[in-house]
Structures are given as C-alpha cells and as structure tokens.
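K.L.:
What would the 3D arrangement of this be:
(4 chains)
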Amino acid sequence: MAIQVLFFGQLTEIAGNAVGVDVAATGTLRGLEQELWTQFPLLKDRKYALSVNQKIIKEDISLADGDVIAFLPPFSGG
Amino acid sequence: MAIQVLFFGQLTEIAGNAVGVDVAATGTLRGLEQELWTQFPLLKDRKYALSVNQKIIKEDISLADGDVIAFLPPFSGG
Amino acid sequence: MKNIFVEGPISTAFIADSIQKHAAKTSIGAHDIFLGQVRADIVNDRIVSAIEYTSYQELALQKMQEIREAIFEKYALTCMHVHHSLGEVKAGELCLFVFTSAPHRRAAIDACAELVELIKNELPVWGKEVFDDETHQWKVNKEG
Amino acid sequence: MKNIFVEGPISTAFIADSIQKHAAKTSIGAHDIFLGQVRADIVNDRIVSAIEYTSYQELALQKMQEIREAIFEKYALTCMHVHHSLGEVKAGELCLFVFTSAPHRRAAIDACAELVELIKNELPVWGKEVFDDETHQWKVNKEG
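P.N.:
Below you'll find the model as predicted:
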C-alpha cells in the first residue's frame, strides 16, 4: 500500500520534503520508521515526533493505504 | 505660617481643588487635618492618604512655612 | 523626569509608531504591551460614556521614576514605556499604554504585568466615570 | 478553521488596525499583546540576519483551534487573535503577534502569556536562523 511521508525543519536536510513509500499491507508505523532509518541513516539519531493523518502518535499503530506520516523535529516557532 | 493644601479626585467635590491655610508656627500635619475637618466636615469620613511636598506621610510631622499638603483619595488610574 | 501623561486618548497610530521605533534594536526578541480601554459599563441603567482622568502630576512623575528604576533593577529589559491619558477618554478609546521589550519573553511579560499593577495601585491618578445622562461616579480600581 | 499564518513579517500598521477594530467592543477594558521580534544573535562571529519559518500548516491550524478553545474555556476573554509569519523575517522585524482582550486585565494578561507558551511549544513551526555569511542553524526554543 502507498504511504506518503513528510519531513519538516532540519529533517528536510536529511530526507528532503516528502517521499512516497510502498509498504506491506500489514505495515505498522514503527515498521515504516525502521525502513526510513535504513533509507536515511542520519534520521535515527534525531529527535522528532511522528504524526499520522495530522495526529501526533506516540505508540505503534497499523497503517492504512493513503495515510500521511510526518516526521516533526522539535518546534521552534515564535 | 502659610501652607498650601491640594485636593484631588472625589475630594474636590467637598473642598475644591486647593485652599491656602494659615496655621500656627508650631503646626503639625495632624493638627492641620483636624482644622480642615472642621472647615469641610464631609472630609472626615473619606478614605485618603496625605502627602507633604510630594511625599506620602503616614505619621504626624511638623509643618514648615510654604509646605504643600495634598489629600489623595484611593487611586483609580488605568 | 520623563512625562508619561498625554492629553486625551492614546491613538493606535502612536502605538504602531512606538513599536516601529524598536526595529533598530535588534537585541530585542520579545515585546509585551498592555492597553487599557474605557468600558461602557452599565450602572443602574446609566451607561459610562467617558472617563475623565486627573492626576497629581508632580507626585505621579516622581513615583513613576521610582517604579521605572525598580522594574529595570528586577527584570532584564531593553526598554520600557508608559503612557497614561489625562482629560476625557470616551468608551472604546485607549487610556493606558504600557510597553516592555527584552531579549527574552519572560522578562518582557512579567515586567509588563507588574508595571500595570504598580501603575493602577501607586500612581496618583483619578478617573471620573461620566454617564450618558451627565451624572458621574468616581472609578474604583479592583484586582483584575 | 482560522488561518494564523502570514507571509513575511507582521507590520505595525496591521497591529494598529487590529487594535483599532476593537474600539467598537465597549465591554473590553484590557488588551494584552505579545510580539516576537527576530534577534540579530551572534553565534561564533556570525550574525543572524533573518529567520525563515516553515510549518506543517494542516496540523498547526488544527492544533491552534484546540488551543483557542482551551483558552476561551479557561479565561473570560472577549477575543483572541494569533498571527505567525512564514517565510523570511529579517532581524528587527516581527514574526509573532498574540492579542487577547477581556473586560478585566487579569484574564487578558494571563491568557496572552499562556498562549505564547502554547504557541512556542505545541505548534509545528520551525525557524531556520540564517547568518550574514549565508550559513544557517535551526532555531531552538528555550524557556523564557
């Protein structure tokens, strides 16, 4: 199934703004994260939160076709 | 000796803006206050602070010729 | 001694200009501004249409100087400005403008809040609330 | 959902206009305004000349909506406005405008201070500090 992955802030310097990822139908958020660590090794050591469809998700969840995942480094607005 | 007395805020409705008072050479602040209570009886029941030459004075002090006394009701700026 | 008093209401153009003047001070990271606005309070079916402010100016300016020094002593501010109206300020118009600037937000925010309390409690200024039927009552400052 | 983002710096004319719009709301007695200004910080002999802001806007606007509801729930406010820059904001220019209004000062002041913390900590916005030699570093938000 097709998942869209977005990167923000300093993470764009490692991974660009967005990638499309094709994951197994049984894919989970943490599984996807591991795949992306392989693809972008510098990502692993960075601090970030993950959102799925514009909700911050702290645990692991199953992904569905069309989900939008975002890697969010610490916020620094204002 | 001649003392100038100023009134502010709601006290101007009782006593006007200012009066000149001639007090005995041994006059004190609390003595002057009592004289003014006689002159303006409504003054006695009002809440106010007193200043002498632009300093708030809580105790009793001796007055000198040319002193400026002010009757200051509770502040309500802003 | 700096004069904090202005005749009549404080205009938004004056406020914009005051903020703009700080663009050149590039060590500033945070500004906090408090504005007092005259409320059209209703008291026994009468509506406040304006407040007329008077002050014992000599004492007020001296007191403001003490407050200014105490605030600069306590907070890491870059600058501080206070403007208070005298005379008539109509309902909906601005009567008080307190403006603090600092490298970091905590100092600007805390100093501004403390200044507002000190100005309301310690400056010899009096407000006469004038109603729409031309009667009046004297303003009383309460907490908050 | 209300959009809080503006392209580039926030102008003082815009701030004046926002304040002016509240003159008709005569139940308001107090406004509090927080302004964030870009500091020309010096890091290893390089000077910050601008911050470039980006956001995950869909998430930010949704989060701002939650913050707005929580603040209105907690404080007796008349209104609340938040504006945050995106794109380039040069040193000395304004990047954040938080504006609260209430009948009484305590609510306006406390709500504004809390909003600033929530905006800095919970909105997905990132600042890239660009130096005068065209290198950059990513901004880190600290307390105060």
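
K.L.:
and residue 5, how many residues sit next to it?
P.N.:
Using chain A here. Neighbours of A:Val5 under the rule other Cβ atoms under 10 Å in any protein chain shown: 23. (Each C-beta comes from the backbone N, C-alpha and C, glycine too.)

K.L.:
nope, chain C
P.N.:
Residue neighbour count, defined by other Cβ under 10 Å, stands at 17 for C:Phe5.

K.L.:
My guess is it contacts C:Leu86. True?
P.N.:
Yes. Counting by Cβ atoms under 8 Å, C:Phe5 touches C:Leu86, with 5.0 Å between them.

K.L.:
which neighbours do those two share?
P.N.:
Counting by Cβ atoms under 8 Å, 6 or more residues apart in numbering or on different chains, the contacts common to C:Phe5 and C:Leu86 are C:Ser55.

K.L.:
Quick one: name the residues of chain C near chain B.
P.N.:
Applying Cβ under 8 Å from any Cβ of the partner chain, we find that chain C lies next to chain B at C:36, C:53-56, C:58-59, C:62, C:84, C:95-96, C:116, C:119-128, C:138-141.

K.L.:
switch to 6 Å and redo it
P.N.:
Chain C comes close to chain B at residues C:36, C:56, C:58-59, C:62, C:96, C:119-120, C:123-127, C:138-141, as judged by Cβ under 6 Å from any Cβ of the partner chain.

K.L.:
wait, what's in contact with the nearest residue to A:Ile69 once chain neighbours are set aside?
P.N.:
Using Cβ to Cβ, 6 or more residues apart in numbering or on different chains and skipping residues adjacent in sequence, the residue nearest A:Ile69 is A:Val5, 4.9 Å away. When contacts are counted by Cβ atoms under 6 Å, 6 or more residues apart in numbering or on different chains, A:Val5 touches A:19, A:21, A:69.

K.L.:
Tell me if I am right that A:Val5 is in a strand.
P.N.:
Yes. A:Val5 forms part of a strand when assessed by DSSP: H, G, I helix; E, B strand; the rest coil.

K.L.:
if I look at it, how far off is D:Trp138?
P.N.:
For A:Val5, the distance to D:Trp138 equals 20 Å [Cβ to Cβ, to the nearest Å].

K.L.:
ok, the closest residue to C:Ile10 other than its chain neighbours to C:Trp138 distance?
P.N.:
Counting by Cβ to Cβ, 6+ apart, C:Ile10 lies nearest to C:Leu94, which is 4.3 Å off, once chain neighbours are set aside. Relative to C:Trp138, C:Leu94 is positioned 21 Å away (Cβ to Cβ).

K.L.:
Residue of chain A nearest chain C, please.
P.N.:
Of the residues in chain A, the one nearest chain C is A:Gly78, at a distance of 8.0 Å by Cβ to the nearest Cβ.

K.L.:
How about the secondary structure of that residue?
P.N.:
coil.

K.L.:
show me what contacts it?
P.N.:
When contacts are counted by Cβ under 6 Å, 6+ apart, A:Gly78 is found next to D:36, D:96, D:119-120.

K.L.:
likewise A:Ile57?
P.N.:
So A:Ile57 contacts A:Leu50 (Cβ under 6 Å, 6+ apart).

K.L.:
Let's see that with 7 Å instead.
P.N.:
Contact analysis of A:Ile57 by Cβ atoms under 7 Å, 6 or more residues apart in numbering or on different chains lists A:29, A:50-51.

K.L.:
What of C:His31?
P.N.:
Residues near C:His31 by Cβ under 7 Å, 6+ apart: C:19, C:22, C:99, C:101, C:108, D:35, D:37.

K.L.:
swap in C:Leu77?
P.N.:
C:Leu77 neighbours (Cβ under 7 Å, 6+ apart): C:71, C:100-102, C:107, C:111.

K.L.:
Name the nearest residue to the residue in chain A that chain D sits nearest to, ignoring sequence neighbours.
P.N.:
Of all residues in chain A, A:Gly77 sits closest to chain D, at 2.9 Å by Cβ to the nearest Cβ. Sequence neighbours aside, D:Val125 is the residue nearest to A:Gly77 in space, at 2.9 Å (criterion: Cβ to Cβ, 6+ apart).

K.L.:
hang on, isn't that neighbour packed against D:Ala60?
P.N.:
Yes. D:Val125 is within contact range of D:Ala60, at 6.3 Å (criterion: Cβ atoms under 7 Å).

K.L.:
Pick out whichever of these two has more residues nearby.
P.N.:
Comparing D:Val125 with D:Ala60 by neighbour count (other Cβ under 10 Å), the higher total belongs to D:Val125, at 28 against 24.

K.L.:
can you pull out the helices in chain A?
P.N.:
For chain A, applying DSSP state H gives helices covering A:12-15, A:29-39.

K.L.:
So which of the contacts of C:Leu77 are in helices?
P.N.:
C:71, C:107, C:111.

K.L.:
Next up, the contacts around A:Gln54.
P.N.:
Per Cβ under 7 Å, 6+ apart, neighbours of A:Gln54: D:58-59, D:62.

K.L.:
in which helix or strand would I find the closest residue to C:His136 other than its chain neighbours?
P.N.:
Nearest non-adjacent residue to C:His136, counting by Cβ to Cβ, 6+ apart: C:Val130, 4.8 Å away. Here C:Val130 sits within strand C:125-131, counting by DSSP states H and E.

K.L.:
Which helix or strand in chain A has the lowest average pLDDT?
P.N.:
strand A:18-22 (a mean of 88; mean pLDDT, DSSP states H and E).

K.L.:
Same check on chain C?
P.N.:
strand C:42-43 (a mean of 94).

K.L.:
May I ask which helix or strand encompasses C:Val6?
P.N.:
Going by DSSP H and E, C:Val6 is part of strand C:5-7.
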